[in-house]
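J.: After the sequence you'll find the predicted model.
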Amino acid sequence: MKLHDLKPAPGSRKPKTRVGRGIAAGKGKTAGRGTKGQKARGKVRPGFEGGQNPLYMRVGRKRGFKHPFKIVFEVVNVGRLNDLPVEGVITPDILRQYRLVRENGAPVKILGNGEVTRPLHVQAHAFSESARQKILAAGGTVEVIS
């Protein structure tokens with residue numbers, strides 16, 4: 001067997017249908033387009049629905065950009081932490097127990113809205129600068145957990 005002997009397997013290749021080549025060819029006269037109408041006569045652009053508002057215009061478009069790696073924090077203000085009846089370290093688990101954050105396991109960020117009147121020992125994933133300053137000024141500690 002040589003390179004010039006190679007052929008596709010029998011029946012694996014079909015000849016292209018030639019339309020509009022007479023009645024005997026099987027696809028003569030209307031050439032598979034049916035009778036009359038816009039589609040029989042000329043080109044119709046994809047998505048054209050005969051003048052009806054097409055699907056791609058009826059359906060609303062989704063705009064903008066969604067960041068796939070955005071970190072969404074559960075936020076708690078220091079004023080809410082000040083009111084907690086907890087003496088030890090305030091952790092995200094304690095905040096979930098007191099229903100200050102949801103049970104979804106998202107990272108917790110402490111924000112600086114409210115007053116701190118007692119020393120708080122807080123562990124969270126992130127702190128705003130004002131929250132950090134208020135907790136440290138009241139004699140508390142701030143610990144960032146990863």
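T.: Cool, the structure landed. Numbering: from 1, shown residues only.
J.: quick one, phi psi at residue 90?
T.: phi -90, psi 110 (degrees, to the nearest 10).
J.: Could you find the closest non-adjacent residue to it?
T.: The shortest distance from residue 90 to any residue that is not its chain neighbour, by CB to CB, 6 or more residues apart in numbering, is 4.8 Å, and that residue is residue 122. Glycine gets a C-beta too; all of them are placed from N, C-alpha and C.
J.: now do residue 127
T.: Ranked by CB to CB, 6+ apart and with sequence neighbours excluded, the top spatial neighbour of residue 127 is residue 110, at 4.9 Å.
J.: ok, the one you found - contacts?
T.: The neighbourhood of residue 110, defined by CB atoms under 8 Å, 6 or more residues apart in numbering, consists of 75-78, 81, 122, 124, 126-128, 131, 135.
J.: Strands of the protein, start to end?
T.: All strands of the chain, identified by DSSP state E, fall at 74-77, 89-90, 108-111, 121-124, 126-127, 141-144.
J.: export these to a markdown table and tack on distance to residue 38?
T.: A markdown table is the format used below for the strands of the chain (distance: least, CB to CB, whole Å):
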| stretch | distance to residue 38 |
| --- | --- |
| strand 74-77 | 58 |
| strand 89-90 | 72 |
| strand 108-111 | 60 |
| strand 121-124 | 66 |
| strand 126-127 | 61 |
| strand 141-144 | 67 |
